[in-house]
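1. My questions are about this predicted structure, shown below with the sequence.
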Amino acid sequence: MAKNDHAHAIRMAESLKRRVNEAAAADFVARLALSKSAGIEKKYEWAKTACLYLEERFDENTIQELRKECSCSDGKSAAKRMKGYLRRAGRMREFVAVFNRSESFAQMEYLSENSLLFCYPECYCACIKRVPGEISKSWCYCTLGNAEGIFREVFQKQVRASLVKSIKSGADRCVISIGWQ
């Protein structure tokens, strides 16, 4: 049996354990173990296979919830900077403008005082970004967990993120819709 010590695989198995059950996590590990020594092509193929595995077993909402828990980053450093922009700006439209002038890792688009688009100009996923080709949007749902964490911290409110489009599923950029009450 292959060693399952890659961070992405471990996070996915833990999410399955929490959201579904231990048997589902064990089945995933038995079928889709991934070693931390895996090369970029192996990680990419593993990610594609993991999407198929999830899509054959779960509905889209469940997949989103499972993948949200697989986020690589907690976003605390970005949230800290963004809180400063929000304090300086006051209103949402100005917050978006300050962020866009100050940051290059992402851009925002103002929609309303309680919604915006958060946009990445490139894929940042270590598992898939260096291999050309498309992958199911199911893989990209992890970014929703990261975005919800960042904006929950910034606005101190419950937020809901949804994936509008992603680079690795054929779009020109990754776009996440963020909304809150």
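-> It's in.

2. now this structure, which segments are flagged as low pLDDT?
-> 1-2 (pLDDT under 70).

3. Walking through it, point out its helices one by one.
-> 7-19, 22-32, 40-57, 60-68, 76-89, 92-102, 137-140, 142-155 (DSSP state H).

4. Give me the buried positions along the first one.
-> So that's helix 7-19. 8-9, 11-13, 15-17 (16 or more other Cβ atoms under 10 Å). (C-beta placed from N, C-alpha, C; glycine too.)

5. repeat for the second one
-> Of the residues in helix 22-32, those buried by neighbour count under the rule 16+ other Cβ under 10 Å are 24-25, 27-29, 32.

6. residue nearest the centroid of this protein?
-> residue 143 (1.1 Å; Cα atoms, centre = their mean).

7. so who does that one touch?
-> Residues near residue 143 by Cβ atoms under 8 Å, 6 or more residues apart in numbering: 71, 120, 125, 161, 163, 166, 174, 176.

8. Where strands are concerned, which of those count?
-> Among those, DSSP state E puts 120, 161, 163, 174, 176 in strands.

9. In the buried residues of helix 22-32, find the pair that's most separated.
-> Across these, the longest distance by Cβ to Cβ is 11.8 Å; it joins 24 and 32.

10. Sweet, I'm off.
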